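What would the 3D arrangement of this be:
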Amino acid sequence: MIGYVCIGTNDLAKAAPFYDQLLATIGGKRNWETERFIAWNNTPTSPMFLLIKPLNGEPATAGNGTMVALTVDSKAKVDELHRKALELGGKDEGAPGPRGENFYACYFRDTEGNKLAGFFMG
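The predicted structure is shown next:
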C-alpha cells in the first residue's frame, strides 16, 4: 500500500551517512539519488525511504505527530536498529521493548529531529 515516505533534511550530504548506516542494519540500500534526494529500499519493488530537501526551499522541520515506522523481522533487529540510531547521534524516544501483545518496538529521532520507530509483530 505504501510506495514511499519522505523525511526532510536541511543538509543532504551530512544527513545521508546516518541513513546509509541505519538502513543497512535492516537491509536497506541506496537505489536512487539526485541533488535533492536519496532513496533507499530493500528490493527493487519494496517501498522506498527518501531523504529530501524541501522543494519550496524553506527549512525542513520535524513534523509534530509525524513518525516513520520501519518494519523488521525480529526483536533482535529492533534492538540493533535502536542501538545503531543512538550510535550515529540519534536521540532515544523509547527503548526497545514490548508495546502491547505481539508488538515489539523502539523509538528514536534522527540528527535533525525526525521521529522514527522500528517494530516487529509477533
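
Chain neighbours aside, what residue packs nearest to residue 120?
Leaving aside its chain neighbours, residue 120 sits nearest to residue 104 (4.7 Å; criterion: C-beta to C-beta, 6 or more residues apart in numbering). Yep, even glycine has a C-beta here, placed from its N, CA and C like the rest.

burial count for the one you found?
Close neighbours of residue 104, defined as other C-beta atoms under 10 Å, add up to 21.

What of residue 16?
Neighbours around residue 16, by other C-beta under 10 Å: 17.

gap between the residue lying farthest from the centre of the chain and residue 67?
Using C-alpha atoms, centre = their mean, the residue of the chain lying farthest from its centre is residue 101. It sits 23.7 Å away. Residue 101 is 21 Å from residue 67, where distance means C-beta to C-beta, to the nearest Å.

Check residue 99 too.
From residue 99 across to residue 67, the span is 13 Å (C-beta to C-beta).

ok, now residue 116?
In this structure, residue 116 and residue 67 are separated by 7 Å, where distance is defined by C-beta to C-beta.

of these two, who's got more company?
In terms of neighbours (other C-beta under 10 Å), residue 116 is the more surrounded of residue 116 and residue 67; the figures are 22 against 13.
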